[in-house]
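J.: Need coordinates for the following:
(one chain, ligands or ions: 2)
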Amino acid sequence: MEPATFVLFGATGDLAKRKIYPALYNLFVDGKLAQPFSLIGLGRREWSDELFQSNVEQAVRQFSRRTPSDDASLRQFVSNFRFCVLDIGQQDDYRKLLKLVEQREEELGLPDNRLFYLSVGPEFFEPIASNIQESGLGSARGWKRLVIEKPFGHDLQSARDLNRKLSETFAEEEIFRIDHYLGKPMVQKLGALQQANPVIQALWSNRYVANVQITASETVGVEERAGYYDHIGAVRDMFQNHMLQLLMMTAIHLPHESSSEKVRFKKKNVIEAVQPLQKQDVRAQVVRGQYAEGSVQGKPVAGYLSEPGIAPDSRNDTFIAARLLIEDSYWRGVPFYIRTGKRMKEKSTRIVVEFKEPLAQATVSSEDRAAPNLLIFEIGPNEGITLQINSKDLENKGEFRPVHIDLDLHDRQEDVPEAYENLIGDALRGDATFFAHWDEVELSWQWVQPILDAFEENLVPLQTYAAGSYGPAGSDALLAEDGYHWWFDVEPEQLKQENQTQKGEQYAYHANN
Ligand SMILES: NC(=O)C1=CN([C@@H]2O[C@H](COP(=O)(O)OP(=O)(O)OC[C@H]3O[C@@H](n4cnc5c(N)ncnc54)[C@H](OP(=O)(O)O)[C@@H]3O)[C@@H](O)[C@H]2O)C=CC1
Ligand SMILES: O=C1O[C@H](COP(=O)(O)O)[C@@H](O)[C@H](O)[C@H]1O
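T.: Ligands and ions are numbered 1, 2, ... in the order given. Next up, the predicted model:
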């Protein structure tokens, strides 16, 4: 990694405080931040360098996964942080910023490599990029990179417009579009697990896989983000970006040696092969839901329409489930089911791969059937991989019974790096593997656009679901149509306990990575 200046737009904001400073601190402690390092924080607030540094220290203390061992290391970390008051619309402010960046480069003997991190609302992405160009901030001899937060557009057209504007200042290889799900350690491992394990590789196709289920359920409701969320819904907030990225990362087939370009090219192949939807067919493939009042983890909670700031007649989606078909030789005929929603029973992001039943079972009575093999990737809040296989229950008439093999990837959950830590480290190194390429973003919007249109025209019924449930009835019906059901609509822990207590032994393998 080469030393660089980190120019942070939105340095006084929530994301910077909760994610960016803790991530940088962890990289610093792990010796993964090239020295010398200069960070210039920007915002309209009249903060001094001292006030900025003390706010950063506080953010690290509050949100870092590592408690700072001593004040000295924290002080050393923030000593190269400076604050510059800047209003995004004021061209003069960028000239002032350029002077400060150059002055710090000179003082620290830094090469003029500059990373511009846009942790501000999307309405500011275009003006910042053009002001970087006009002020000369982006014309140094070293490298320049633009790290950009979500949302990347509101629909297909606005995403294309934004990309055209950004590309007047930054080349595609200089743009790092953050999708924080791509920074999650288990997601980063998905391709490698398949690449490096012939057992998994051999099974990764329609020959053996019956269906794939990708779930991101949340217990939280709309929180304080009513103004944002009521115009966005689950489809734009989670589905178009995070969920489709999970689909690409699951369905990808990678050669043994894969460059960043190769990974992104293969992901593009996946999303390109997803059978397009026509607006009039959305109703048959997509379920749209909104939470009603209910109870989450034992506490009564309000329905979406009674949340502060939500229009009482809002038809916004807080849940979406969809069936996708990938029309390539690997996956033809394998349904991929995706669902995500707010105010559901549990906080869990998980991918379940259900394998086909052996042919011999066709003649076996339903009570004697073995459960299907499942491969389960737990992405968050805890991570892990579980394989469900069948064994014989010798105490119980020799019946088949499912047992679970757990792969514990970490001794302690605190050792798992945060998504932002991985992504910021990668951006500083110039590794774009786990950032969304424009082709993927455009193809994702293209696939989602008929859903947006169908929702807008109310062609898909809005089904309510009780807060604290697994979503509307239509979501179960979507799988039932194909003879499947969502796996693990009980806590996996509970499932394991049931298996242990009712059915005896449990096999557990521990692998340190
Ligand atoms: N918070 C989160 O968990 C997540 C946020 N994001 C995305 O990150 C981005 C930032 O979100 P978040 O931190 O929550 O937002 P906040 O509202 O907390 O912060 C906004 C930041 O923008 C700055 N800002 C606003 N207007 C101007 C202006 N005219 N000139 C200069 N600076 C300005 C503010 O500084 P000041 O007030 O000092 O001017 C502040 O630092 C958004 O795109 C959001 O979608 C993405 C994922 C999660
Ligand atoms: O991007 C977003 O993600 C969060 C969920 O992220 P996770 O890492 O906690 O799974 C979601 O709550 C938020 O609405 C969305 O904007």
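J.: Residue 81 is in contact with residue 41, isn't it?
T.: Yes: Residue 81 is within contact range of residue 41, at 6.4 Å (criterion: C-beta atoms under 8 Å). (C-beta placed from N, C-alpha, C; glycine too.)
J.: Between these two, point out the one with more neighbours.
T.: The residue with more neighbours, out of residue 81 and residue 41, is residue 41; 29 against 22, by other C-beta atoms under 10 Å.
J.: Quickly note the distance from that one to residue 78.
T.: Distance, residue 41 to residue 78, using C-beta to C-beta, to the nearest Å: 10 Å.
J.: that older thread, what residues do residue 81 and residue 41 have in common as contacts?
T.: 52, 56 (C-beta atoms under 8 Å, 6 or more residues apart in numbering).
J.: Show me the helices in the stretch 251-400 of the chain, by range?
T.: Under the criterion DSSP state H, counting those that start in this stretch, the stretch 251-400 of the chain carries helices at the ranges 260-273, 282-285.
J.: now could you export just the CA positions of the last one as PDB?
T.: Right, helix 282-285. Output in PDB follows, covering the C-alpha atoms of helix 282-285 (Å, rounded to 0.1, in the frame of the first residue of the first chain):
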ATOM      1  CA  VAL A 282     -43.600  -9.200 -11.800                       C
ATOM      2  CA  ARG A 283     -46.700 -10.200  -9.800                       C
ATOM      3  CA  ALA A 284     -45.900 -13.900 -10.400                       C
ATOM      4  CA  GLN A 285     -42.300 -13.700  -9.400                       C
END
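J.: which parts of it are buried?
T.: By neighbour count on 16 or more other C-beta atoms under 10 Å, the buried set for helix 282-285 is 282, 285.
J.: Can you tell me which of the helices of the stretch 251-400 of the chain is most buried?
T.: With neighbours taken as mean count of other C-beta atoms under 10 Å, those reach their highest mean count in helix 260-273, at a mean of 18.
J.: Check the stretch 201-350 of the chain for the residue nearest ligand 2 and tell me.
T.: Using C-beta to the nearest ligand atom, the closest approach of the stretch 201-350 of the chain to ligand 2 is made by residue 237 at 4.7 Å.
J.: could you list every residue that touches residue 206?
T.: With contact taken as C-beta under 8 Å, 6+ apart, residue 206 is in contact with 330-334.
J.: Could you tell me the model confidence score at it?
T.: Note on residue 206: pLDDT of 97.
J.: what does residue 513 give?
T.: Looking at residue 513, its pLDDT is 24.
J.: do residue 411 as well
T.: 55.
J.: For the stretch 101-250 of the chain, which segments are assigned as strands?
T.: Along the stretch 101-250 of the chain, the segments classed as strands by DSSP state E, counting those that start in this stretch run 114-118, 144-148, 175-177, 209-217.
J.: sorry, that was for the stretch 301-450 of the chain
T.: Taking DSSP E, counting those that start in this stretch as the test, the strands found in the stretch 301-450 of the chain are 319-325, 335-341, 348-355, 374-380, 384-393, 399-408.
J.: would JSON lines of the ones you listed with mean pLDDT, distance to residue 105 and mean neighbour count be doable?
T.: Output for the strands of the stretch 301-450 of the chain, formatted as JSON lines (pLDDT from 0 to 100; distance: least, C-beta to C-beta, whole Å; neighbours: other C-beta atoms under 10 Å):
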{"stretch": "strand 319-325", "mean pLDDT": "98", "distance to residue 105": "47", "mean neighbour count": "24"}
{"stretch": "strand 335-341", "mean pLDDT": "98", "distance to residue 105": "43", "mean neighbour count": "23"}
{"stretch": "strand 348-355", "mean pLDDT": "97", "distance to residue 105": "41", "mean neighbour count": "21"}
{"stretch": "strand 374-380", "mean pLDDT": "94", "distance to residue 105": "38", "mean neighbour count": "20"}
{"stretch": "strand 384-393", "mean pLDDT": "86", "distance to residue 105": "44", "mean neighbour count": "17"}
{"stretch": "strand 399-408", "mean pLDDT": "79", "distance to residue 105": "45", "mean neighbour count": "16"}
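J.: coming back round to it: give me the common contacts of residue 41 and residue 78.
T.: With C-beta under 8 Å, 6+ apart, residue 41 and residue 78 have common neighbours residue 56.
J.: Against the centre of this protein, work out the most remote residue.
T.: Within the chain, the residue lying farthest from the chain centre (C-alpha atoms, centre = their mean) is residue 397, at 45.3 Å.
J.: what pLDDT does it get?
T.: 70.
J.: before we move on, what about residue 501?
T.: pLDDT, residue 501: 37.
J.: distance of the residue nearest to residue 301 when sequence neighbours are not counted from residue 234?
T.: Spatially, and ignoring its direct neighbours in sequence, residue 301 is nearest to residue 467 (4.8 Å; C-beta to C-beta, 6 or more residues apart in numbering). According to C-beta to C-beta, residue 467 and residue 234 sit 14 Å apart.
J.: repeat for residue 12
T.: In this view, residue 12 and residue 234 are 29 Å apart by C-beta to C-beta.
J.: the more surrounded of the two?
T.: Neighbours per residue, other C-beta under 10 Å: of residue 12 and residue 234, the larger number sits with residue 234, 25 against 18.
J.: which residues touch that one?
T.: Contacts for residue 234 (C-beta under 8 Å, 6+ apart) come out as 317-320, 340-342.
J.: what's the answer for residue 226, then?
T.: Residue 226 makes contact with 307-310 under the criterion C-beta under 8 Å, 6+ apart.
J.: need the residues you listed in CSV with distance to ligand 1 and pLDDT, can you?
T.: CSV is the format used below for the contacts of residue 226 (distance: C-beta to the nearest ligand atom, whole Å; pLDDT from 0 to 100):
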residue, distance to ligand 1, pLDDT
307, 18, 97
308, 18, 96
309, 15, 96
310, 19, 97
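J.: how about the residues of the stretch 301-450 of the chain that lie near ligand 2?
T.: With C-beta under 6 Å from any ligand atom as the criterion, the stretch 301-450 of the chain comes near ligand 2 at residues 349, 380.
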